[in-house]
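Enquirer: What shape does this take:
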Amino acid sequence: MENIPKVSTGRISWIDMAKGYGILFVIIGHLRCGLVVYKWIYTFHIPLFFLLSGYVFSPKGNFYDFFVKKCKSIVIPYFCLGLPLLFYEYLNYFCTGGYSYSDYMSLFLQFLIQKRLWTIWFLACLFIVNIAFFLAKKILKTNKFLAIFSVVSAIIGLMYYKYINVPLPWNIDICFMAFPFFFAGHFYKENCDTFDDFLVGKIPATLLFILLALINLVCGYLTYKISGQALSNLSISMIRGRYGCAPLTFLSAFAGIACVIIVSKWTSIRAIEYVGRYSMLYFAWHQTIMIPISVTILSYFKFSIAESTPLGVFIAYKFAQLLIILIFITICNEIIRRTKLRFMLGIK
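Expert: Numbers count the residues shown, from 1 in each chain. Predicted coordinates:
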């Protein structure tokens, strides 16, 4: 398994590849491309982003500088990318009718408070995780204490969901469960040479990938079975506060993440790397705006699906949706990043 070196822009190629794969999994998950695929994707896709964020985390400087930096790279994009979502929902309210002034204000307040609202819930949570982890890093200093902090955090999160289970502003409750993945990414970065030397020297990458894939699938299946959820419901979902059998869920998630990292270090595909590099826009707009638009476009061409749709037609329909989403958001991304609007993406 060969490391892909940093590109000339200072970015890490395999990180962008992993984020690109992650975005594709997120979109495919929201497209509901079959229940089995849907449930499998939820075993690792959001934890993947928290781990990768932990990898690129840098605690340099003082708290004020770090806070301002994260406001520019996360909070400003949250509001800039969230406002079009808000206006899109307002337009739906207006077109369908039956909504009062209080409904409009309620949605606006929910946008400000951010309790599981749209896909941008992740940005709000990621901001809190970065700030909290920065403070923890400065106070606890060593990885040993950070690891303990992360485990305790996850236990607190699990207890909160079991006994209270009320979404907190800016999804602070999800942060407790995100810390172990964020710390794992940070720990991997600080010890990447050791990890990679072990993986390359001791275990063939292909064999390791197969082993980890089996762990992901088996543990994911078992945690779904043990949780006893109805087949149509998700028993693993960070946004819903569902973690099934927690030890198996975490093991499945880490195994799935490792598989994505291995594949990302095997290959370098420009299109996927591009999506990963500008993942924020794809993450923010694909579900609320682009999925309904893709349905409208395909309906215009008399292309739709139903429960009795043959599998081949179903796959073709979902693939067409995916292409429409990627093409439209890529066009929007190019317009934004090549103009003064680039601040919307946290780009200088």
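Enquirer: Next, the buried residues of the helix or strand containing residue 176.
Expert: Per DSSP states H and E, residue 176 falls inside helix 172-190. The neighbour-count check on helix 172-190 (16 or more other Cβ atoms under 10 Å) flags 172-189 as buried. Glycine gets a C-beta too; all of them are placed from N, C-alpha and C.
Enquirer: do stretch 99-112 as well
Expert: Neighbour count says stretch 99-112 has 107, 111 buried, by 16+ other Cβ under 10 Å.
Enquirer: hmm, who's touching it?
Expert: Around stretch 99-112, the neighbours that count as contacts under Cβ atoms under 8 Å, 6 or more residues apart in numbering are 82, 86, 89-90, 93, 117.
Enquirer: what do you get for stretch 276-296?
Expert: 11, 15-23, 26-27, 30-31, 77, 81-82, 84-85, 88-89, 118-120, 122-123, 275, 320-321, 324-326, 328-329, 332-333, 336-337, 345-346.
Enquirer: From these, keep the buried residues only.
Expert: For the contacts of stretch 276-296, a burial check counting by 16+ other Cβ under 10 Å picks out 15-23, 26-27, 30-31, 77, 81-82, 85, 88-89, 118-120, 122-123, 275, 321, 324-326, 328-329, 332-333, 336, 345-346.
Enquirer: if I look at residue 165, how far off is residue 159?
Expert: Distance, residue 165 to residue 159, by Cβ to Cβ, to the nearest Å: 10 Å.
Enquirer: for residue 132, same thing?
Expert: From residue 132 to residue 159 the distance is 18 Å (Cβ to Cβ).
Enquirer: What residues of stretch 339-346 count as buried?
Expert: Neighbour-count burial for stretch 339-346 flags 344-346 (criterion: 16+ other Cβ under 10 Å).
Enquirer: Give the phi and psi angles for residue 242, as a check.
Expert: Backbone torsions of residue 242, given as degrees, to the nearest 10, read phi -110, psi 130.
Enquirer: ok, it to residue 25 distance?
Expert: For residue 242, the distance to residue 25 - Cβ to Cβ - is 18 Å.
Enquirer: Between those two, which has more neighbouring residues?
Expert: Each of residue 242 and residue 25 has its neighbours counted (other Cβ atoms under 10 Å); residue 25 has more, 21 against 17.
Enquirer: Which strand or helix spans the more buried one?
Expert: With DSSP H and E as criterion, residue 25 is part of helix 13-30.
Enquirer: just residue 133 next, same as before
Expert: Using DSSP H and E, residue 133 falls within helix 121-140.
Enquirer: Show me what that helix is in contact with.
Expert: Under the contact criterion Cβ under 8 Å, 6+ apart, helix 121-140 has outside partners 46, 49-50, 53-54, 57, 59, 63, 66-67, 70-71, 74-75, 77-78, 81, 114-115, 146, 149, 170-172, 174-175, 178-179, 182-183, 186, 239, 280, 283-284.
Enquirer: After it, which helix or strand is next?
Expert: Next in sequence after helix 121-140, counting helices and strands by DSSP H and E, comes helix 143-163.
Enquirer: Kindly calculate the angle that that following helix makes with helix 121-140.
Expert: Computed by axes from the mean of the first three to the mean of the last three Cα atoms, to 10 degrees, the angle separating helix 143-163 from helix 121-140 equals 140 degrees.
Enquirer: Centre of the chain to helix 143-163, how far?
Expert: 20 Å (Cα atoms, centre = their mean, to the nearest Å).
Enquirer: I'd like to know which elements it is packed against.
Expert: Packing partners of helix 143-163 (3 or more Cβ pairs under 8 Å, 6 or more residues apart in numbering; DSSP states H and E): helix 121-140, helix 172-190, strand 242-243, helix 246-266.
Enquirer: Which residues does it contact?
Expert: With contact meaning Cβ under 8 Å, 6+ apart, helix 143-163 is reached by 136-137, 140, 173-177, 179-180, 182-184, 186-187, 190, 241-243, 246, 250.
Enquirer: contacting residues around the spatially closest residue to residue 33 that is not a sequence neighbour?
Expert: Closest residue to residue 33 apart from its sequence neighbours, by Cβ to Cβ, 6 or more residues apart in numbering: residue 318 at 4.8 Å. The contact partners of residue 318, by Cβ under 8 Å, 6+ apart, come to 28, 31, 33.
Enquirer: Redo these as TSV? Include pLDDT and distance to residue 128.
Expert: As requested, the contacts of residue 318 are exported to TSV (pLDDT from 0 to 100; distance: Cβ to Cβ, whole Å):
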residue	pLDDT	distance to residue 128
28	95	27
31	93	28
33	86	31
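Enquirer: what number of residues lie near residue 261?
Expert: Applying other Cβ under 10 Å, we find 26 residues neighbouring residue 261.
Enquirer: Might one say that it is in contact with residue 17?
Expert: No: in this structure, residue 261 is not within contact of residue 17 by Cβ atoms under 8 Å, at 9.1 Å.
Enquirer: where's residue 259 relative to residue 215, distance?
Expert: For residue 259 relative to residue 215 (Cβ to Cβ), the value is 9 Å.
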